[in-house]
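Engineer: no sequence on this one, just coordinates:
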């Protein structure tokens, strides 16, 4: 078990045993689904299965050893990954590589159809004309949803990182500071604590920079991103997150910050205020925390993801805030939680119509938010690990409003 400084302050590679275990579990899924081989190309999926993001294609057969066809940098891939590395320069080399791996020409070949470009799919249709191309993106997400002890250790470390960022937040928040200046101070601290600065999202056209540090009435602004908050941003080309607004006493300050250690993310939101927060907003925070508590109490292995969303909605209705829950009227998002790991939008999704069930080892962020028209946003977010007996909170910052004199 490494401590935070060991994880966040050095360049570490993924152990071979971890990579082999991931591939083995994925191969079990491929055999279950009758898929002969999967070609992995998405950057983070490639990292998950190889320990390297170096450009290339990873051939994972249902049986046998995987092959990492690497375009560049081959030297770095050999340093970072325990897999067999084969240099390649042309897609025409893929069919011979499949044949060498014992994959039949007319077999079922899986692709990450949820993320690869249509042009790449069309290219594979011509390249593997005798094969049946099927989607394997959901299967990749399935295996990635259950975290190993190695992964959980890094998510825990990210929780320590965010808590240290919040310690600085309480020290540097002052009347008149602009959102962007407050945010950049916290972002700098996160970088000093080993944050990589890039947050990965799988969804099309989805992107995020550290999170959303948003205040006052601007914290209730929605935007294009699939999230229950948006913020103004510094220009229309980004249209989310911190803007140039000056923060004033008595206003809600929502610090939604995504920590990251060795690629692994944790998501936390805390509400701050300078001075005294209006009674309505304090009540909103208490209500959001009560909704989170209700979902945590209902969560356990075997419980459907969608049923936990329904629990949150029922609690919001009981508290009389359903019309302002997870967004202002007419703009509410239909989820209350999302998986986190190497990406911020992983399985599980606590959203309607998801019938999959929680499994020990899953990690997700639970973020009930309540909107107050003309005043701002209140809410809370914590990241939880599914255990055999329920949920364990991995974020460590106290679940209270942070009051700054």
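Structural biologist: That came in fine, so what should we check first? A quick note: this is a predicted structure, and the numbers were derived from the prediction, not measured.
Engineer: Now do the helices in the stretch 301-405 of the chain.
Structural biologist: Counting by DSSP state H, counting those that start in this stretch, the stretch 301-405 of the chain has helices at residues 305-318.
Engineer: ah, wrong one, I meant the chain
Structural biologist: 4-8, 16-33, 43-50, 74-80, 94-100, 118-127, 137-145, 149-172, 179-192, 279-298, 305-318 (DSSP state H).
Engineer: quick check: angle from the longest one to helix 16-33?
Structural biologist: Using axes from the mean of the first three to the mean of the last three Cα atoms, to 10 degrees, the direction of helix 149-172 lies 110 degrees away from that of helix 16-33.
Engineer: mean confidence score for helix 149-172?
Structural biologist: Averaging pLDDT along helix 149-172 gives 98.
Engineer: and what of the second one?
Structural biologist: Helix 16-33 comes out with an average pLDDT of 98.
Engineer: That one packs against which elements?
Structural biologist: strand 37-40, helix 43-50, strand 55-61, helix 137-145 (3 or more Cβ pairs under 8 Å, 6 or more residues apart in numbering; DSSP states H and E). C-betas here are computed from N, CA, C, even on glycine.
Engineer: if we go to 7 Å?
Structural biologist: Secondary-structure packing of helix 16-33 (3 or more Cβ pairs under 7 Å, 6 or more residues apart in numbering; DSSP states H and E): helix 43-50, strand 55-61, helix 137-145.
Engineer: can you redo the ones you listed as TSV with mean pLDDT and distance to residue 164?
Structural biologist: Below are the helices and strands packed on helix 16-33 laid out as TSV (pLDDT from 0 to 100; distance: least, Cβ to Cβ, whole Å):
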stretch	mean pLDDT	distance to residue 164
helix 43-50	98	25
strand 55-61	97	34
helix 137-145	98	27
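Engineer: now those as CSV including distance to residue 119?
Structural biologist: Below are those laid out as CSV (distance: least, Cβ to Cβ, whole Å):
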stretch, distance to residue 119
helix 43-50, 17
strand 55-61, 15
helix 137-145, 17
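Engineer: wait, which of the ones you listed is closest to residue 162?
Structural biologist: helix 43-50 (20.6 Å; Cβ to Cβ).
Engineer: Which other helices and strands does the closest one contact?
Structural biologist: helix 16-33, strand 55-61.
Engineer: How is the protein divided into domains?
Structural biologist: 4-144, 146-404 (automatic domain parsing).
Engineer: Single out the most deeply packed of the helices of the chain.
Structural biologist: Burial of these is given as mean neighbour count (mean count of other Cβ atoms under 10 Å); helix 43-50 ranks first at a mean of 22.
Engineer: Show me what that one is in contact with.
Structural biologist: 19, 22-23, 40, 53, 58, 60, 68, 81, 83, 112, 140, 144, 200, 263, 342-343 (Cβ atoms under 7 Å, 6 or more residues apart in numbering).
Engineer: just stretch 202-216 next, same as before
Structural biologist: Under Cβ under 7 Å, 6+ apart, the answer for stretch 202-216 is 115, 179, 182-183, 186-187, 190, 199, 201, 225-226, 229, 231, 240-242, 245, 247-248, 251-258, 343-345, 376.
Engineer: 6 Å instead, please
Structural biologist: 179, 183, 187, 199, 201, 229, 231, 241-242, 247, 251, 253-258, 343, 345, 376 (Cβ atoms under 6 Å, 6 or more residues apart in numbering).
Engineer: pLDDT of it, averaged?
Structural biologist: Mean predicted lDDT for stretch 202-216 stands at 95.
Engineer: what's the first-to-last distance across that stretch?
Structural biologist: Chord length of stretch 202-216, first to last residue, is 30 Å (Cα to Cα, to the nearest Å).
Engineer: Format the helices and strands packed on helix 43-50 as TSV; extra columns: distance to residue 284.
Structural biologist: Formatted as TSV, the helices and strands packed on helix 43-50 follow (distance: least, Cβ to Cβ, whole Å):
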stretch	distance to residue 284
helix 16-33	41
strand 55-61	47
